[in-house]
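Chemist: Here is my input; please provide its structure:
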Amino acid sequence: MSRTAKYTRVERIRTGILELDRYLQGGIPTGSWVFIAGEPGTGKTILCLHIAYTNLKEGLPVIYITTEQPFKDLVLQARQFHMDLTQFTRAERRLYIIDIFDLWNKAWEAKKEGRVRYADPLDPDNLCNYILTLCSKNNINNPLIIIDSLSAFWVDKPAMARRITYNMKLRLNRLRATVVGTLQYAVTTGGAFGFGAEHIADGIIQMFIEPVEKVRGIRRWGIIKKMRLTNHHKEAWEFDIVEDKGLVIK
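Modeler: Numbering: from 1, shown residues only. Coordinates of the predicted model:
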């Protein structure tokens, strides 16, 4: 058996973007923790929406955590690219949304019950408890978990990013989930909002914009910097955000 054949036999979930799935030899290996890193405006959330929508259509349960916008705004954004998320929140519920308001409510419940001293919606334990309880109550197995963004959970303590991510990975391990999380990069410094989190990841997709001073416009690029169990594409690929289509690789 060739090395390429061995990699392609790994069970994967598709991203919904044909070229990117080809670059990944079929998609993201199931059970992986994959980080999508980039500065604001690179299309991280849109890529997350593609991944969520594609796998919802295939019947995979999806838990979508959004710390940056309420659910209704996420729905509106998805509709711009002909992705109707609301169809998956009815009848057979396969889409479970956790937004910042849900995290606030859970944090206050924990405080009232005396389980925590402070109501902190962005406490990583608060999120893990929420996910584990949700999966237990709804008998959810092997879900796709999307966290947009992971950086929110260490925004006031970036030096703790590696430990926080590692502890989250350990706590959620029993779910046998595939986890896709976004990481923010600072526009001014080019540095990540968190140190060492990338060492926890099984895969990293970095998205970036060429310096506008140089190209006098917005040119977006992506590159797969790391993806375990995958002989992935090694070169950067140019892409754009296209109305009615979403993320399109040129």
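
Chemist: Now do the strands in the protein.
Modeler: Remark: strands assigned in the chain by DSSP state E are 12-13, 28-29, 33-38, 62-66, 95-99, 144-148, 178-184, 203-209, 220-227, 237-242, 246-249.

Chemist: Tabulate these (CSV), appending distance to Tyr118, mean pLDDT and mean neighbour count.
Modeler: Every C-beta, even on glycine, is put in place using the N, C-alpha and C of the backbone. Below are the strands of the chain laid out as CSV (distance: least, Cβ to Cβ, whole Å; pLDDT from 0 to 100; neighbours: other Cβ atoms under 10 Å):
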stretch, distance to Tyr118, mean pLDDT, mean neighbour count
strand 12-13, 36, 98, 22
strand 28-29, 36, 98, 24
strand 33-38, 28, 96, 25
strand 62-66, 20, 97, 23
strand 95-99, 20, 95, 19
strand 144-148, 22, 98, 24
strand 178-184, 24, 96, 25
strand 203-209, 33, 96, 20
strand 220-227, 36, 97, 19
strand 237-242, 38, 97, 15
strand 246-249, 38, 97, 19
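
Chemist: Can you lay out the ones you listed as CSV showing distance to Ile164?
Modeler: Shown next, in CSV, are the strands of the chain (distance: least, Cβ to Cβ, whole Å):
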stretch, distance to Ile164
strand 12-13, 25
strand 28-29, 22
strand 33-38, 13
strand 62-66, 14
strand 95-99, 17
strand 144-148, 12
strand 178-184, 11
strand 203-209, 17
strand 220-227, 20
strand 237-242, 30
strand 246-249, 28
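
Chemist: where in the protein is pLDDT low?
Modeler: Low-confidence regions of the chain, defined by pLDDT under 70, span residues 1-8, 91, 186-194.

Chemist: let's go with 50 and repeat that
Modeler: Where the chain drops to pLDDT under 50, the residues are 1, 188.

Chemist: could you pull out the helices for it?
Modeler: Taking DSSP state H to define them, one finds helices in the chain at 3-8, 18-23, 44-57, 71-79, 100-112, 124-138, 161-171, 212-215.

Chemist: out of those, deepest packed?
Modeler: Most buried of the helices of the chain, by mean neighbour count (mean count of other Cβ atoms under 10 Å): helix 44-57, with a mean of 22.

Chemist: List every C-alpha atom in it, with coordinates, as CSV.
Modeler: Output of helix 44-57 as CSV, limited to C-alpha atoms (Å, rounded to 0.1, in the frame of the first residue of the first chain):
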residue,chain,number,x,y,z
LYS,A,44,-12.6,32.2,9.4
THR,A,45,-16.3,32.2,10.4
ILE,A,46,-17.4,31.6,6.8
LEU,A,47,-15.2,28.6,6.5
CYS,A,48,-16.7,27.3,9.8
LEU,A,49,-20.2,27.8,8.3
HIS,A,50,-19.2,25.8,5.2
ILE,A,51,-18.0,22.9,7.4
ALA,A,52,-21.0,23.0,9.7
TYR,A,53,-23.6,23.2,6.9
THR,A,54,-21.9,20.4,4.8
ASN,A,55,-21.9,18.0,7.7
LEU,A,56,-25.4,18.8,8.9
LYS,A,57,-26.7,17.9,5.5
